[in-house]
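1. based on what follows, work out the 3D shape:
(one chain, ligands or ions: 1)
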Amino acid sequence: MLVKADLHIHSSFSDGRAGPLEILYTAREHGLQVVSITDHDTFTGSIHAKRYMENTGVLVIPGVEVRSEHGDILLYCEREIDFPRRVDALIEKAHSENCLIVPAHPFDTLRLGIGDLVFEYRDWDAIEVWNASATRGANKKAIEAARILGKPGLANSDAHIPGEIGAAFNVIEVSDLKIEAIFESIRKGLTRPVYGKPPFKTRIDRVIWSIEKLFR
Ligand SMILES: [Zn+2]
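-> Residues are numbered from 1 along each chain as shown. Alright, predicted model coming up:
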């Protein structure tokens, strides 16, 4: 079966606007069957979201956006784990725990991508080749990096407000709607990134919300 997955979303457990329940309902409205809430340095948002899986019918993959020593890296696991900040240790830990490790928006300097180090640490399960919040130039470089490294590419929204959810997503071919099966499909590259940007009005909402946040 084919499922649609947005694997980079922020909740109110870090710097996102919506709580986990609103995120899952919005994901369902946008036709997604799978999400990962990847708050900065905490699995808490995605762990909370798991409570609402049954009500919403959306599968939640526990995730976190780790601020490593060199920049942001997405970590997806079946359950919450401790994560080191050193990139080599983080990659090793991810693989020993059967998790997926994916550099987030690697060439977006504003968003702390790890840049050319993506070529130095090669043991990624996939590369985030399209981040709906990053610049086109940064995304283009990431697409090229994934091609050079021969890694699967993921496309995600990096949503911070609900309207952005599903602006970019992945169509994944899975044998079963289970986390392990999804991980296996991503590792094998049975995934197609769908590039997109949020609608203009949503982008304005995001800017307004970011400014409001500064004054809170
Ligand atoms: Zn992010």
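2. OK, contacts around the residue lying closest to Arg187 once chain neighbours are set aside?
-> Among residues not flanking Arg187 along the chain, Asp125 sits closest, at 5.6 Å (C-beta to C-beta, 6 or more residues apart in numbering). Quick note: C-beta positions are derived from backbone N, CA and C, even for glycine. For Asp125, the contact set (C-beta atoms under 8 Å, 6 or more residues apart in numbering) comprises Ala94, Leu100, Ile101, Val102, Lys151, Pro152, Phe183, Ile186, Arg187.
3. can you classify Asp125 by secondary structure?
-> coil (DSSP: H, G, I helix; E, B strand; the rest coil).
4. got it, and the one 3 residues further on?
-> The assignment at Glu128 comes out as strand when based on three-state DSSP.
5. who does it bridge with?
-> Beta-bridge pairing for Glu128 (DSSP bridges): Leu154.
6. show me the contacts for it.
-> Glu128 neighbours (C-beta under 8 Å, 6+ apart): His8, Leu74, Val102, Pro103, Ala104, His105, Pro106, Ala142, Gly153, Leu154, Ala155, Asn156.
7. can you count the residues close to Ile211?
-> 9 (other C-beta atoms under 10 Å).
8. my read is it is in a helix, agree?
-> Yes. Note on Ile211: a helix contains this position according to three-state DSSP.
9. quick check: residues of this structure near the ion?
-> Contact residues (C-beta under 5 Å from the ion) of the chain with the ion: Glu65, Asp158.
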